[in-house]
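Student: sequence unknown, structure follows:
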């Protein structure tokens, strides 16, 4: 029998005297409850060396099965409130998708994105090509890694300060 379907029937009995029929009748099977799935990640953004996230999903309508795709794979529990920890993620954007299925309903899916930012480092060095006591020394930072726009800040002894990629100070 199919969910949400009207079935028609009637009964009959036959003997030596003939056949007798019941009145026509119908019944309707209960519709299949639609399914839903919601997939979330926490955290959705991190900076290395942090490289793990917890995926959690909720379902309604009692799906028969769920399947993972993109950055993860394989059969996953269709039970609402399930979770999985993903560790060892590398820098970049990772897409996670969960597709749940139930006979008699359309497949449903939910996706989430996790961004792992690379570690930012900086090398600070003075321009020593013409360093003379009492003359200005230019300090420069060279950033590496990370992503996006850099902002700069300087602090140190003898008045080393600033907010640009380079700062100048005179030593006496």
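Tutor: Received, thanks. Note that this is a predicted model, so its numbers are computed, not measured.
Student: is residue 95 in a bridge, and if so with what?
Tutor: On the basis of DSSP bridges, residue 95 is bridged to residue 113.
Student: domains in this structure, as residue ranges please.
Tutor: Using automatic domain parsing, the domain parsing of the chain gives 36-117, 120-170.
Student: want to try JSON lines for those, with mean neighbour count as columns?
Tutor: Just so you know, the C-beta spots here come from the backbone N, C-alpha and C atoms, and that holds for glycine as well. Compiled in JSON lines, the domains of the chain are given as follows (neighbours: other C-beta atoms under 10 Å):
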{"stretch": "domain 36-117", "mean neighbour count": "15"}
{"stretch": "domain 120-170", "mean neighbour count": "12"}
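Student: ok, for residue 146, nearest residue in space, not its chain neighbours?
Tutor: Distances taken as C-beta to C-beta, 6 or more residues apart in numbering put residue 120 closest to residue 146, at 3.2 Å, once the chain neighbours are dropped.
Student: circling back to that earlier point, compare the mean pLDDT across the domains of the chain and name the weakest.
Tutor: Mean pLDDT across the domains of the chain is lowest at domain 120-170; the value there is a mean of 79.
Student: looking at the domains of the chain, which is closest to residue 27?
Tutor: Set against residue 27 and scored by C-beta to C-beta, the domains of the chain come closest in domain 36-117, at 17.3 Å.
Student: Just the endpoints, please. Distance across the closest one?
Tutor: End-to-end distance of domain 36-117 (C-alpha to C-alpha, to the nearest Å): 31 Å.
Student: now stretch 91-111
Tutor: Using C-alpha to C-alpha, the end-to-end distance of stretch 91-111 comes out at 19 Å.
Student: again, but for stretch 102-113
Tutor: With C-alpha to C-alpha applied, stretch 102-113 spans 25 Å between its terminal residues.
Student: Over to stretch 124-143?
Tutor: Stretch 124-143 has its terminal residues 9 Å apart, counting by C-alpha to C-alpha.
Student: what does that stretch rub up against?
Tutor: 120-123, 150, 152, 154, 160, 165-172 (C-beta atoms under 8 Å, 6 or more residues apart in numbering).
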